[in-house]
Each structure stands twice: as C-alpha cells, then as structure tokens.
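A.B. asks: here is my input, please return the structure:
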Amino acid sequence: MAPGKSNGYLRECALGQKAAEDCRTPRPSAVRLVSILAKRLGVRQSSGAFDIIGIVNRRFLISILFAVLLAIEGRAQGTVSWRTNYYSVSGATLWEISQSLNHSRPWKNKSGLDGLTDWRVDWKFNVTPSSTGCHMSYFTTTTTINITLPKWTAPTNASPRVEELWTNYITALGQHEFGHGQIAVGADGEIHKRIKEIGEDSDCARLKDRITTLCRGIVDTYKKRDDEYDVRTEHGAKQGARFPTREPGMHRP
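C.D. replies: Here you go, the predicted structure:
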C-alpha cells in the first residue's frame, strides 16, 4: 500500500462508499478502522468511549463496523475481500418506496428479499516431499463477501416518520446481511484452525486430497449455518428487517 493512501483505502473499505469497491486486506486492525470511521462520521472518542453525534445512520454504521471488524480481527486468517454494492430506490411514501424496492432489486429469482449476501472461501496450498514423507509447505485463503443493499435518499416531500421507519429498516437489514458476512469469516477462521492439525502424510497425493476434503467440508458446514441463520431469523424479519408497506392507518393510493 502506497504511503499516504492507507487512510483513504481503509475508510472506503469500512464504509463501502463506492459501489463494487473491492477491498482486500489481510487481518485489518479493528481499532484502526474504527478510529478512521469514527473521524469520518463525526464521532468523538473520549476516555475509550464513542460519543455518537448525529443521526441514527451513524449509529448503524458504527454497530455494523464493530460487528464486522471483531469477526475479521478475531477469526479471519487469510485475505478478506469485502464488497458492498447498492441499488437505488425512490419514493416519498412507504408505499412508493415499497414499489420501488420491488422493481429495483438486481435479482429477479428472489423477489421477496431486499438485501443479499454471497460469499465463498477459496484456498491455495503447496505440498513438499521430505525425508519423512510429505508436508504442507504453504497455505492461504481468500474469503470473498459480496453484500447488496438498497439505498434511498429522502426527497424533500418525505415525512420525518417515513425517514425514521426507513432508518430502522435499513439498520436491521444491514445488520442481518453483515451477519452472513460474519459466518463467512468464521468459515475462514475454522479452516486455518483445523489446517494446522493436518500433519504429514507418506503420500503427497493423499495429503492433497485430505487438505481439499477438510476445506470443502468446513465450507459446506458453514453454508448450512448460513441457511439456518436465514431460517432462524426469517431472512432478517425477526431482527426487524421487515419493510413496513405503509404506516398503520395509512391506505394504499
């Protein structure tokens, strides 16, 4: 990383400011990223505590960042590629926003979902013959996490109530989707933990098969956990990620 560019790079990674911004960093410092984000959002840090100044969206970003960075700092061992994409929605009323969500989602086969997270863990390794058999001489992983969320900019005729309900919704949806990302990071950490136990083998081909089988098995297990997370939370609805089609007492136009 070039001198003088690290702060901007880390800030963009933390905030997902640019659509399809691909941020790769091996084990970023959680404390450093939180400090950078806090400064960017106008958050004071005093006596170890963050004094949040401003709107709920700032609290949302801080909570999301802490969840993600704690997972990365504590469990990820390889390179994490975290990409956040946004699609635009419009409307001044809840009904108009709901209709815009229905028509603007980038995916057509999962029409009921406003947010989506895709992830994968790839691995590379080398094995080397030795006097005692064959051992693994190199191992690394790349965890790729792609999150897609809606982005709404309130028009001048949107009521404060609509803005409040949107903020509550997007906060819950963002936290749910980043929960999927944490599962991916957990898979990466589990692979690195278990790979240390692989040991040597008298046959290099067999050692390669053992390594591949181990990694695939762990990813499959975490993919099942990912599905169970959606079932348990009803795709985030139980976490508050259920968009209110209209306010109580309001009628569809």
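
A.B. asks: can you map out the strands along this protein?
C.D. replies: All strands of the chain, identified by DSSP state E, fall at 23-26, 44-46, 49-51, 79-89, 116-130, 133-152.

A.B. asks: and those strands as a markdown table, adding mean pLDDT?
C.D. replies: Putting the strands of the chain into a markdown table (pLDDT from 0 to 100) gives the following:
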| stretch | mean pLDDT |
| --- | --- |
| strand 23-26 | 44 |
| strand 44-46 | 38 |
| strand 49-51 | 34 |
| strand 79-89 | 90 |
| strand 116-130 | 95 |
| strand 133-152 | 94 |
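
A.B. asks: make TSV out of those and add mean neighbour count and distance to Gly189.
C.D. replies: (Each C-beta comes from the backbone N, C-alpha and C, glycine too.) TSV is the format used below for the strands of the chain (neighbours: other Cβ atoms under 10 Å; distance: least, Cβ to Cβ, whole Å):
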stretch	mean neighbour count	distance to Gly189
strand 23-26	16	13
strand 44-46	10	28
strand 49-51	12	26
strand 79-89	19	11
strand 116-130	16	10
strand 133-152	18	9
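
A.B. asks: out of these, nearest to Glu164?
C.D. replies: Checking these against Glu164 by Cβ to Cβ gives strand 133-152 as the closest, at 12.7 Å.

A.B. asks: and Ser100, how far from Trp166?
C.D. replies: 12 Å (Cβ to Cβ, to the nearest Å).

A.B. asks: mind checking which of these two has more residues around it?
C.D. replies: Applying other Cβ atoms under 10 Å to Ser100 and Trp166 shows that Trp166 carries more neighbours, namely 21 against 17.

A.B. asks: residues contacting the residue lying closest to the more buried one once chain neighbours are set aside?
C.D. replies: Distances taken as Cβ to Cβ, 6 or more residues apart in numbering place Trp152 nearest to Trp166, at 5.8 Å, with adjacent residues excluded. Going by Cβ atoms under 8 Å, 6 or more residues apart in numbering, Trp152 touches Ser88, Val89, Ser90, Gly91, Ile97, Trp166, Ile170.

A.B. asks: pLDDT at Leu10, what is it?
C.D. replies: With respect to pLDDT, Leu10 has a value of 36.

A.B. asks: how about the helices in the stretch 151-253 of the chain?
C.D. replies: In the stretch 151-253 of the chain, helices defined by DSSP state H, counting those that start in this stretch lie at 160-195, 204-233, listed in chain order.

A.B. asks: which of those helices sits most buried?
C.D. replies: Among the helices of the stretch 151-253 of the chain, ranked by average contacts under mean count of other Cβ atoms under 10 Å, first place goes to helix 160-195 (a mean of 19).

A.B. asks: packing partners of that one?
C.D. replies: The contact analysis (3 or more Cβ pairs under 8 Å, 6 or more residues apart in numbering; DSSP states H and E) places helix 160-195 against helix 56-75, strand 79-89, helix 94-104, strand 116-130, strand 133-152, helix 204-233.

A.B. asks: adding distance to Pro160, write the ones you listed out as TSV.
C.D. replies: Listed next are the helices and strands packed on helix 160-195 as TSV, based on distance: least, Cβ to Cβ, whole Å:
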stretch	distance to Pro160
helix 56-75	12
strand 79-89	19
helix 94-104	13
strand 116-130	29
strand 133-152	14
helix 204-233	29
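
A.B. asks: so which of those comes closest to Ser159?
C.D. replies: helix 94-104 (9.5 Å).
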